[in-house]
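Sequence unavailable; structure follows:
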Ligand code: ZN
């Protein structure tokens, strides 16, 4: 993960301390909010361990919500190729991290994305990036699944698209709302994935198959 260049030497120094935290835009207003939040939960924001926390949280949030500033066309634009291949193309087990919009707590898991081309294919490495455009926002898993399917449908106009997401939600796990290991599975099907039973079954069995370890 590359670090974004900071603006001035003070920021450079902070970046060294907060290694791995990205973001170069002004995080001041958000950091001020976090400082207030620390006091509201009963902390002393001036305590040594918390002094830089507001800035760290602000930068982390900036990174975790950067999808708001990304566009699908920019992510996949140059990587669409003419190709007469007409079988299912699938990328399984795409790592996924998002934030639920109800609690702003993480949910994480895997996405499986497939399509059947109609004269155009997209570079395989672009599919995880496409997932991230929507995952790096406040989300509900159902909408995230639909948005990935819709974006791929729009950008490629394929014969069909299938997306399955399986995820664990910390808002359920940490608050003890559900059993610790309950996994939420959502799917979105377009075109032949929805209309043709055989294609749908092939996709779903590939998505849910246990491959390797
Ligand atoms: Zn939640």
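Nice, I can see it. Fair warning: this is a prediction, and the values are worked out from it, not measured in the lab. Residues are numbered from 1 along each chain as shown.

Tell me the helices and strands packed up against the helix or strand containing residue 193.
Assigning secondary structure by DSSP states H and E places residue 193 in helix 192-195. With contacts taken as 3 or more Cβ pairs under 8 Å, 6 or more residues apart in numbering; DSSP states H and E, helix 192-195 sits against strand 106-116, strand 160-169, helix 197-208. The way it works is simple: take the backbone N, C-alpha and C, and place the C-beta from them, glycine included.

taking the mean pLDDT, what do you get for that helix?
Average pLDDT, helix 192-195: 97.

Give me the buried positions along that helix.
192-193 (16 or more other Cβ atoms under 10 Å).

I'd like to know which of the helices and strands packed on helix 192-195 is closest to the ion.
strand 160-169 (5.9 Å; Cβ to the ion).

So what's the gap between that closest one and the chain middle?
11 Å (Cα atoms, centre = their mean, to the nearest Å).

For the ion, see how far away the spatially most central residue of the chain is.
Of all residues in the chain, the one closest to the mean position by Cα atoms, centre = their mean is residue 135, 2.3 Å from it. Distance of residue 135 to the ion, computed by Cβ to the ion, to the nearest Å: 15 Å.

all helices in this protein, in order from the N-terminus.
9-17, 28-40, 53-64, 72-76, 126-135, 141-156, 170-173, 192-195, 197-208 (DSSP state H).

what residues are up against the nearest residue to residue 51 once chain neighbours are set aside?
With Cβ to Cβ, 6 or more residues apart in numbering as the criterion, residue 51 has its nearest non-adjacent residue at 7.8 Å, and that residue is residue 45. Listed by Cβ atoms under 8 Å, 6 or more residues apart in numbering, the contact partners of residue 45 are 35, 38-39, 51, 53-54.

buried subset of those residues?
35, 38, 53-54.

Out of those, which two sit at the greatest distance?
35 and 53 (8.2 Å; Cβ to Cβ).

sorry, back to before: need the residues that contact the helix holding residue 193.
114, 116, 159-162, 199-200, 203.
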